[in-house]
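>>> Provided below are the primary sequence and the corresponding predicted coordinates.
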Amino acid sequence: QVQLVESGGGLVQAGGSLRLSCAASRSIVSIDVLNWHRQSPGKESELVASITNSDRTNYADSVKGRFTMSRDIGKKTVYLEMNSLKPEDAGIYYCNARRALPWMDSWGQGTQVTVSS
């Protein structure tokens with residue numbers, strides 16, 4: 001397993017930006033995919049962004065063109081740059097690491113994002 005610690009959440013006005021970070025307790029090189037999930041009140045959890053171990057990224061339609069996910073192997077950290085934030089982007093953002101062999105599915109404790117209109 002790997003421990004994940006998110007940071008960077010907070011309160012921002014609509015149209016503003018935030019950068020979330022997810023620091024891992026060990027190397028992220030062997031992790032198949034790292035994800036950012038969002039849990040908003042009254043909504044199902046949403047997979048917002050993913051990055052694979054070959055740096056291939058994928059985004060939910062709701063955030064395409066506004067969010068960018070990246071990773072820094074040396075710092076064992078992944079980031080989620082969020083621009084042009086909307087009130088519907090608010091929620092708790094969770095970092096998630098998955099690996100097929102051997103199986104691993106680790107989650108962070110989440111970081112709160114609040115967007116005021």
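That came in fine, so what should we check first? Residues are numbered from 1 along each chain as shown.

>>> how about the helices of this protein, start to end?
Ranges of helices within the chain: none, based on DSSP state H.

>>> middle-most residue in the protein, spatially?
residue 36 (2.8 Å; Cα atoms, centre = their mean).

>>> Can you name the residues that contact it?
20, 22, 47-50, 69, 78, 80, 93-96 (Cβ atoms under 8 Å, 6 or more residues apart in numbering). No exception for glycine: its C-beta is placed from N, CA and C like everyone else's.

>>> In the sheet, which strands lie alongside the longest strand along the chain, parallel or antiparallel?
Among the segments of the chain that qualify as a strand by DSSP state E, the longest is strand 91-99. Looking at strand 91-99 with DSSP bridges, its partner strands are strand 33-39 (antiparallel), strand 104-107 (antiparallel), strand 111-116 (antiparallel).

>>> Now the buried members of the contacts of residue 36.
When those are checked for burial by 16 or more other Cβ atoms under 10 Å, the buried set is 20, 22, 48-50, 69, 78, 80, 93-96.

>>> Include pLDDT and distance to residue 102 when you put these into a markdown table, please.
A markdown table is the format used below for these (pLDDT from 0 to 100; distance: Cβ to Cβ, whole Å):
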| residue | pLDDT | distance to residue 102 |
| --- | --- | --- |
| 20 | 98 | 28 |
| 22 | 98 | 21 |
| 48 | 98 | 26 |
| 49 | 98 | 25 |
| 50 | 98 | 20 |
| 69 | 98 | 25 |
| 78 | 98 | 21 |
| 80 | 98 | 27 |
| 93 | 98 | 27 |
| 94 | 98 | 22 |
| 95 | 98 | 20 |
| 96 | 98 | 17 |
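
>>> Sweet, I'm off.
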